[in-house]
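> Give the three-dimensional model of this entry:
(2 chains)
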Amino acid sequence: MTTASEHQMEQAFNQTGDHRRSERISRETISAIAVAILCVAMLLGARFISPSLGSWSQVETVLVLGSFLIVLSFGQGLVILTGGLDLSLPAVITLGGILATNWVGATDPGAWYLLGAVLLVCAGVGLVSAIGIVWLHIPPFIMTLAMSIIVSSALLGYTRGTPRGAAPDLALALMKSKVLGMPMPILFVIGFVILGALFQSRSVPGRYLYAIGTNIHAARIAGVPVLLVQAMPYVISAVCAGLVGIMLVGYSNGATLRMGDDYLLPSIAAVVIGGSSILGGRGNFLGTVGGALLLTTLGTIITAIGLQIGWRTIIEGAVVLIALLLLREELFQKLGQYWRSSQPASESGSITRRKGT
Amino acid sequence: MSGNPGFELQAEGLRKSYGATVALEHADITLRAGEVHALLGENGAGKSTLVRILSGVTMPDAGHMILAGQTYSPRSIMEARESQVATAFQELSLVPNLSVAENVLLPGLHASRLGFVSRSAVLARGKEILSRHGLDRIDPAAEVGTLPLSERQRIEIARALENAGRVLILDEPTASLSETDWLFEQIEKARARGVAILYISHRLAEVRQICTVATVLRNGRSIATVSLSDATNDDIFEMMVGRRVEERPTRTATIASGEPRLRVSGLSGHGLKDISFEIHPGEVLGVAALEAQGQQALFRTLAGLLPVVEGKVEIDGTRATYKGPRQAMRFASGISYLPEERKVEGILPGLTAATNIVLPFLPRIARMALLGGRNEKAAAHEPADNVEMDRRYLAFNIENLSGGNQQKALMGRTLATGARTLLLFDPTRGVDVGTKQSIYAAIRRFADSGGSVLFFSSELPEIVQLSDRCLVLYGGRIFRTFSRDEINEQQLVAAMIGHAGVEAA
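The predicted structure is shown next:
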C-alpha cells in the first residue's frame, strides 16, 4: 500500500515538476518566438501593399539595417539586465562615428588598428558612467544622460559643427562587401548574435549579471564581485555603441553630429519587446534580437508605404508601451495580488463585524 | 463585569494567520482603566500580531473585542484612534521629512478654510503637545529625520499619549531609549488619569517596575494573566518557555584545542560593545539574544558586510582584512555567511536552485569559459545531498520551491563555499520540522569534520540542542557565556532579558 501511494506521489511530483520546468522555458522563449512569427507575417503581409516588399532583397535590407540595432541593444540589454538604463548611446554612436572618420578615415583609411583606439575611447566614456553609477551612486539614467550631453557637446566643439573625413577601409569592408553572395554585415551580425547569446546566457560574467539583476544583496552575500559586475555592462554598452558608429560610417560613408539620435528609443524597445524585464534580472539576447528585427521590419514597411517619419516614432513609442504592458509579469502579479488581497480582507472584516454585533 | 470601575478593553479568542502560518491562535486579554498591563512572550509568540490587531493595523480572522461595552473592531489605525486607542510602534511611524510639530499633529493638521495649513498655528499646537508630555526641549520646527533615534521614539510615544484617551499601547518603548525616567513618568501620568496601558517589553526588570499585571503569550496562545506581585521570575520564565527542564544534547564532538579558528577581540561599533570570543575547529558556538541586541551587527561585521570599527577579528591567527563576503570566503580558511532574511538577502529569484547553490564558485565549474544547465546541476549535486535536498529540485526556479527547500539550497551553498567557518543567522527560520532536522544534521557533520560554526537562533531549543557553548548578547554586549553543561532554556531566557539573578542556579 505504501509503495503504491508513494508511487502516486512520485507521479504527481514529476507531473508538477515537468509543468514548472516547461513554464520556465516558455516564459523566456515565448516572446522571442512570437516576435519572429510577427516579423515573417509582417514581411509577407507587406506584399499585399506593394509587390516589391517581402522579397529576399528586402529581407536582406531588414537584416543589414537591423544589424545596427542588434549590436546596440546587446549592450543596452546587459545594462537593463542589471536594472539600469543607458541613455548615452546616441552620443557614443556619434562619438564612434566621428572619431572613425576624423582620426582614421581623414588621415589614413587603411589604419584598421586605430579603430581599436576609437572603441577604447568609447569604453572610457562607459567607464566614467559606470564609476558615477556604481561608486558614486548616481541614478543610471541621470548619469548616462549627463554623459550624453557632455560627449555631444565635446563633439560639437571638436568638429566645429561640421564633421569631416571619410569612412575607414575596414568599416567599408564590414558594411559593403559580400562573401559568397551574402552581404558581410549579415554574416557579421550572425557571428555577433552567437557570441552575444553565449556571453549573456552561458558565461560566468553573464550569470553574474542575472544574479545582481534579480537580487543584488543576495548576490553580494553569495560572493559575486558586485561592483565590477555592475560596472561591466556600461563599458560593454559604450563599446557596442561605438561599434555601431563605425558600422554606420561604413554604411553611409560619413558621419554626422546627429547620426545616433534615432537609436535610443529603439534600443530600449528591442530589449523590452524581446521579453526582458525593464526592472532587470530577466530576459535573453535572442529575444532582444527578435525585438530588433521586428522594429526594423516595422520601420522599413512604414518607410516603404510612404508614411511620414513622425509616424514611425509614434508607432515605435506605442509598440514599446504595449510591449511593456503585455510582457511585464510584475504588472500581472501586482494585479493578482491586489485582487486576492482585497477578497479575504473584506471577508474577514464582515465575519468579525457579524460576531461583534 | 459592570462592577468594575472605569472601563475595559476586552479581547477574546483573537486569531490571525498569514497564509499557512498561524501568528496568533487564541489570545484573550483584558485591559482595565488605570492599570499598566504587561505583555510577555518569546520572539514569535504572537505579541506583535496582538498589538497589530488591537491598534487596528490588521483585522483578526476570528474573535472579538469590546471597548467600554461597545464592539471594537478597528479597520485602521485612524479608526482605533477615533475610539481613543493609540499605539506607539516599535518601528516608528513618523514621517521623517516633516517637522516634529506636523508629526505629532498628523493627520489633523487643521487646514484653514482655503485648504492651507498655517505654519505658525501648527508649530504652536505642536509645542503645546510636546510640553504637555515633558518634551519642551525638542524644537517643534525640527525635521524629524534629523533627530536621533531616541528622540524620535519619544515623539512617537508623545503622539500616542496625546491620542490615547482610553487605551495606550506601547510596543517595546524602551528599545531605543537609554533611560526610562521620562517614559515611566508619562506612563504614570496617563495611568493616573484613567488610561488603560498595554506595555510590551522583553525586559523583566522594567516590567516589574511599572506594571501590575502581565499576560504571557506562548506559541500564539495567551497562557495566563498573572499579578506580577504574586509571580516569581522563574514562574514567568516557565510560562514563557513552556517547561522547566530541557534534555541534554548528546553531541560528543571533539573540539580541537590550541589555536582558535576565529578569534574576535574587543569588537565595538554598530551598536556592539567590546565583544570578545573564540571558536575552535569542530566547535559550534550559539548566540542567543532577543531582537536587536547586536546580533545582526556581529554577524554582518564578521561576514564583511560592515566594516570593523574597533577591535579585531583573526582567522587562523591572521588579522582579517577582508572587505565584503567575496573576500571573506577566500580569506585564510574562509568564512561564509547564511543571511538572516531568505527572501531579501538569500535567494536569487528567477534563477534555478542549482545556479543559486553554485554561484559562489561559478568560475570553477565553467568548461571552456561556458556554463550550461548541465554542469551547474552536476556541481550542485553534492551540496544538495549534503543538506538532504532532493536533486530533482535543482532544475527548478528557486522561487517555485517551498521555503524549506529554499533554505536547504542556501544552507547547501553556504557549506559548498568551502569556508571552514560558517556564520548561520537563524538557519531554520520559518521552515518545517523535517527541514530543521536536515539542517541540524548538516551543521553537526560540518562541525564533526573540523568546521567551526557561529550561529544565532531565535529558537532556544535549537541553541540548547546544537551549541557546544553559547553567548548571550544583551544591549550589544556579551552578557553571559554558557559552557555546554550550563546551557538550559530558563537560564538563557533570564540572561536574554538581562536578568543575572539565577546565575548560580
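
> so how far is residue B:224 from the residue most central in space within chain B?
With distances taken as CA atoms, centre = their mean, residue B:291 lies nearest the centre of chain B, 3.3 Å away. With distances taken as CB to CB, to the nearest Å, residue B:291 is found 23 Å from residue B:224. The way it works is simple: take the backbone N, C-alpha and C, and place the C-beta from them, glycine included.

> who in the stretch 101-250 of chain A is up against chain B?
Taking CB under 8 Å from any CB of the partner chain as the criterion, the stretch 101-250 of chain A approaches chain B at residues A:198, A:202-204, A:207-208, A:210-211, A:214-215, A:217-226.

> Which of those residues fall in strands?
Using DSSP state E, no member of these falls in strands.

> Of the residues you listed, select the buried ones using a PyMOL command.
Buried residues among those (16 or more other CB atoms under 10 Å in any protein chain shown), as a PyMOL selection:
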select buried, chain A and resi 203+204+207+208+210+211+214+215+217+218+219+220+221+222+223+224+225+226
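
> Just the pLDDT for the residue positioned nearest the centre of chain A.
Within chain A, one residue has its C-alpha closest to the average C-alpha position: by CA atoms, centre = their mean, that is residue A:73, at 3.0 Å. As predicted, residue A:73 sits at a pLDDT of 96.

> Give the buried residues for the helix or strand hosting it.
Element membership of residue A:73 [criterion: DSSP states H and E] is helix A:56-81. Across helix A:56-81, burial judged by 16+ other CB under 10 Å covers A:58-59, A:61-81.

> And whichever helix or strand comes after that helix, what does it pack against?
Scanning the chain past helix A:56-81 towards its C-terminal end, the next helix or strand to appear is helix A:89-99 (assignment: DSSP H and E). For helix A:89-99, the helices and strands in contact under the criterion 3 or more CB pairs under 8 Å, 6 or more residues apart in numbering or on different chains; DSSP states H and E are helix A:56-81, helix A:113-130, helix A:140-159, helix A:226-252, helix A:264-273.

> same thing but at 7 Å, please
Under the contact definition 3 or more CB pairs under 7 Å, 6 or more residues apart in numbering or on different chains; DSSP states H and E, helix A:89-99 sits against helix A:113-130, helix A:140-159, helix A:226-252, helix A:264-273.

> For the longest one, name the packing helices and strands.
By that I understand helix A:226-252. Based on contacts counted as 3+ CB pairs under 7 Å, 6+ apart, the elements that helix A:226-252 packs against are helix A:56-81, helix A:89-99, helix A:113-130, helix A:169-176, helix A:204-214, helix A:216-221.

> Now the stretch 101-250 of chain A against chain B: closest residue?
Distance from chain B to each residue of the stretch 101-250 of chain A (CB to the nearest CB) is smallest for residue A:223, at 4.0 Å.

> Show me which residues of chain B are close to chain A?
Contact residues (CB under 7 Å from any CB of the partner chain) of chain B with chain A: B:59-61, B:64, B:71, B:73, B:75, B:324-326, B:329, B:337, B:339, B:344-351, B:355, B:359-360, B:362-363, B:366, B:369-372, B:392, B:395-397, B:400, B:413, B:417.

> Let me see the domain layout of chain B.
Dividing chain B into domains by automatic domain parsing, as the record does, gives the ranges B:8-241, B:247-334+B:418-505, B:345-417.

> Make sure residue B:206 is actually in contact with residue B:180.
Yes: between residue B:206 and residue B:180 there is a contact under CB atoms under 7 Å: 6.4 Å.

> Determine how far stretch A:132-143 lies from the middle of the whole chain.
20 Å (CA atoms, centre = their mean, to the nearest Å).

> Beyond the helix or strand bottoming out on mean pLDDT in chain B, next helix or strand please.
Confidence across the helices and strands of chain B bottoms out at helix B:233-241, with a mean of 79, counting by mean pLDDT, DSSP states H and E. Stepping forward along the backbone from helix B:233-241, the first helix or strand reached (DSSP H and E) is strand B:262-269.

> re the thing from before, what touches both of residue B:206 and residue B:180?
For the pair residue B:206 and residue B:180, residues contacting each of them under the criterion CB atoms under 7 Å, 6 or more residues apart in numbering or on different chains are residue B:174.

> got a list of contacts for stretch B:265-284?
Here stretch B:265-284 makes contact (CB under 7 Å, 6+ apart) with B:253-257, B:260-264, B:285, B:294, B:297-298, B:301, B:306, B:308-313, B:421, B:443, B:447, B:450, B:452-455, B:466-468, B:471, B:476-478.

> By mean pLDDT, show me the worst of the helices and strands packed on helix A:89-99.
Among the helices and strands packed on helix A:89-99, helix A:264-273 carries the lowest mean pLDDT, a mean of 89.

> rewinding a little: touching, the residue nearest to the centre of chain A and residue A:272? I think so.
No: counting by CB under 7 Å, residue A:73 sits too far from residue A:272 to count as a contact (9.7 Å).

> For residue B:120, the count of nearby residues, please.
Using other CB atoms under 10 Å in any protein chain shown, residue B:120 is surrounded by 7 other residues.

> Nearest residue to the residue of the stretch 101-250 of chain A closest to chain B in space, ignoring adjacent ones along the chain?
With sequence-adjacent residues excluded and distances taken as CB to CB, 6 or more residues apart in numbering or on different chains, residue A:223 is closest to residue B:360, at 4.0 Å.
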